[in-house]
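Trainee: Predicted model follows, preceded by the sequence.
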Amino acid sequence: MTEGALLGKLLLFTLPIIGSNVLQALFNTVDMIVVGKFEGDIALGAVGTTGSLISLITSIFVGLSLGAGVCVSVALGARKERDVSEFVHTGIALALVSGVLVGVVGALLAPVFLSWMNVEGALLEMATAYVRVYFIGAPFITLYNFGFAIMRSLGDTRRPLLYIIVAGVANAGFNLFFVAVCGIGVVGVALGTVVSYLISSTCVVVSLCRYQNACRLSLRRLHLSLRHLAEICRIGIPAGVRGALFGISNTMLQASVNSLGDIATAGNAAGANIENYLYFSVSAYSATAAAFIGQNYGAGKHRRIRRVLGICLLLTALTGMAVGWGFLLGRHALLSLYLDVGSPAMEIGAARMISTFTLYFLEGVYETLGGALQGIKVTFLPTVATILCICVFRLLWIFTVFPLPSMHTIGGLYLCYPISWALNILFLLGMILYYYPRLCPREPLPTAE
């Protein structure tokens, strides 16, 4: 990451991340398609409406995994092999502890959170069953995310992609078996997801144990080093809080959608699931920026940091435009995978896609700027920006603009997305302009001997 041409390396590093993320999103898509076709729109809405809640509960631990990855990247760049090993073992131990914690919290509080989101009746019963079974697999999910973050910091993104492909095939097979053969509906698709994450997390742990470098994992050495745990938390908790704030605002948006009725809930769920693929395509460059910038920051190669950021911003914007606009052109064909052609729910899903996908490349720019700041260990102020531009702004939109008669539609509700992204980009650009000259001063140009 600290030597040689950048464009090819950045693409080769990022494409497997996109593939891995998209395949993880495919788990939920397969869940929704299977229950939608075999169990109907209510079951589809039940699975789809849980997405924002699951994201809210797991986001803090996903942030911690990102923190572990950045710490490993910086230590690798600085060639501090002892610290690298300590971060690896502390990170994996933290994954196991946090996975159990998030599983218990998610299972116990699921019905309370779902009722706050205006989920009622049969929808509430199905959604609660899905979430409770899903969170049985929380330790496997956190273990995979932490392991992937560590492998990514070393530059290894291809093997996790292969593992998630195997897990994805298993997920589809188990879903069909549990739903079509066993007839256990939403519980069956949740079980299929749990088994698939068990497979992928096992593969990641085995790979870490086979490394022949400082990132090698020894299960007997798992422990929580307080100094290294504190550093992971210092970087990871603000990132997790940012994710949780997204979750809070998205949960409030989901509650607003649920207030429009079951048809709106089903259509929105389909549109949101398609959006996951677009999000994971553009947000992958954030992880790339954090890993590459982290290693070069540790190595003191500040000129290279600026080049990494510029290329990642260009690539994420181009990806957002290509994928987002492509999805818009094929929106009815994509929605037909989930919903009956010509149904009112399809029009709801299409309206959401039009409101958000047109300028979705702004989401990628925002994410990449956040990853760049994370790579140089600046995490607190980006969290403040998220509070103001995402959480506060979207909540104000829900309570002031959305109730207006002309805006009380799915399109009017989700118009707040591109506006909030643009506001956040302005804040983060200001932070980049402030911190980079101070933490990454320009290196003198090399002179000929």
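Mentor: Thanks, I have the structure now.
Trainee: Now do the helices in the stretch 51-200 of the chain.
Mentor: Assigned by DSSP state H, counting those that start in this stretch, the stretch 51-200 of the chain shows helices spanning 51-77, 81-116, 121-134, 138-153, 158-176, 185-210.
Trainee: I'd like those helices laid out as TSV, including mean neighbour count, mean pLDDT and distance to V323.
Mentor: The C-beta positions use only the backbone N, C-alpha and C, and glycine is treated the same way. As requested, these are arranged in TSV below (neighbours: other Cβ atoms under 10 Å; pLDDT from 0 to 100; distance: least, Cβ to Cβ, whole Å):
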stretch	mean neighbour count	mean pLDDT	distance to V323
helix 51-77	25	77	19
helix 81-116	19	86	30
helix 121-134	20	80	27
helix 138-153	26	87	21
helix 158-176	20	81	18
helix 185-210	21	86	24
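Trainee: So for L15, which of these sits nearest?
Mentor: Nearest to L15 among the helices of the stretch 51-200 of the chain is helix 158-176; the distance by Cβ to Cβ comes to 8.6 Å.
Trainee: Name the surrounding residues that touch the closest one.
Mentor: For helix 158-176, contacts defined as Cβ atoms under 8 Å, 6 or more residues apart in numbering pick out 16, 19-20, 23-24, 26-27, 30-31, 34, 147-148, 151-152, 188-189, 191-193, 195-197, 199-200, 203-204, 207.
Trainee: how far out from the middle of the chain is it?
Mentor: 18 Å (Cα atoms, centre = their mean, to the nearest Å).
Trainee: tell me the angle it makes with helix 138-153.
Mentor: Counting by axes from the mean of the first three to the mean of the last three Cα atoms, to 10 degrees, helix 158-176 lies at 150 degrees to helix 138-153.
Trainee: and the angle from helix 158-176 to helix 185-210?
Mentor: Using the same axes, to 10 degrees: helix 158-176 against helix 185-210 is 160 degrees.
Trainee: mind saving the C-alpha coords of helix 158-176 as PDB?
Mentor: The C-alpha trace of helix 158-176 is given here as PDB (Å, rounded to 0.1, in the frame of the first residue of the first chain):
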ATOM      1  CA  ARG A 158      -9.900 -11.600  -2.200                       C
ATOM      2  CA  ARG A 159     -10.200 -14.500   0.200                       C
ATOM      3  CA  PRO A 160     -13.000 -12.900   2.200                       C
ATOM      4  CA  LEU A 161     -14.800 -12.500  -1.100                       C
ATOM      5  CA  LEU A 162     -14.400 -16.300  -1.800                       C
ATOM      6  CA  TYR A 163     -15.700 -17.100   1.700                       C
ATOM      7  CA  ILE A 164     -18.800 -14.900   1.300                       C
ATOM      8  CA  ILE A 165     -19.600 -16.500  -2.100                       C
ATOM      9  CA  VAL A 166     -19.600 -19.900  -0.400                       C
ATOM     10  CA  ALA A 167     -21.800 -18.500   2.400                       C
ATOM     11  CA  GLY A 168     -24.100 -16.900  -0.100                       C
ATOM     12  CA  VAL A 169     -24.800 -20.100  -1.900                       C
ATOM     13  CA  ALA A 170     -25.400 -21.800   1.400                       C
ATOM     14  CA  ASN A 171     -27.800 -19.000   2.500                       C
ATOM     15  CA  ALA A 172     -29.900 -19.400  -0.600                       C
ATOM     16  CA  GLY A 173     -30.100 -23.100  -0.300                       C
ATOM     17  CA  PHE A 174     -31.000 -23.100   3.400                       C
ATOM     18  CA  ASN A 175     -33.600 -20.400   2.800                       C
ATOM     19  CA  LEU A 176     -35.400 -22.400   0.200                       C
END
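Trainee: ok, L329 - how many residues close by?
Mentor: 10 (other Cβ atoms under 10 Å).
Trainee: What pLDDT is listed against it?
Mentor: Here the pLDDT value assigned to L329 is 92.
Trainee: for A230, same thing?
Mentor: pLDDT, A230: 90.
Trainee: Please apply the same query to T49.
Mentor: Reported pLDDT for T49: 67.
Trainee: start the count at 90, not 1, going forward
Mentor: Renumbered: residue one is now 90, and that last one reads T138.
Trainee: Just tell me which of the helices of the stretch 140-289 of the chain ends up closest to L318.
Mentor: Of all the helices of the stretch 140-289 of the chain, helix 170-205 sits nearest to L318, with 5.3 Å by Cβ to Cβ.
Trainee: about what we covered before: could you provide the helices of the stretch 140-289 of the chain in CSV, with additional columns for distance to I382?
Mentor: As requested, these are exported to CSV (distance: least, Cβ to Cβ, whole Å):
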stretch, distance to I382
helix 140-166, 8
helix 170-205, 17
helix 210-223, 34
helix 227-242, 11
helix 247-265, 20
helix 274-299, 23
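Trainee: To R316, which of these lies closest?
Mentor: So among the helices of the stretch 140-289 of the chain, helix 170-205 is nearest, using Cβ to Cβ, at 7.9 Å.
Trainee: Now E92: which helix or strand?
Mentor: Using DSSP states H and E, E92 falls within no helix or strand.
Trainee: Can you report how many residues lie near it?
Mentor: 10.
Trainee: show me what contacts G356?
Mentor: L424, L428, P433, A434, M435, E436, I437, G438, R441, I499.
Trainee: so how many other residues sit close to the nearest residue to the last one once chain neighbours are set aside?
Mentor: In other words, I499. Nearest residue to I499, sequence neighbours excluded (Cβ to Cβ, 6 or more residues apart in numbering): A440, at 4.5 Å. Counted by other Cβ under 10 Å, the residues lying close to A440 total 21.
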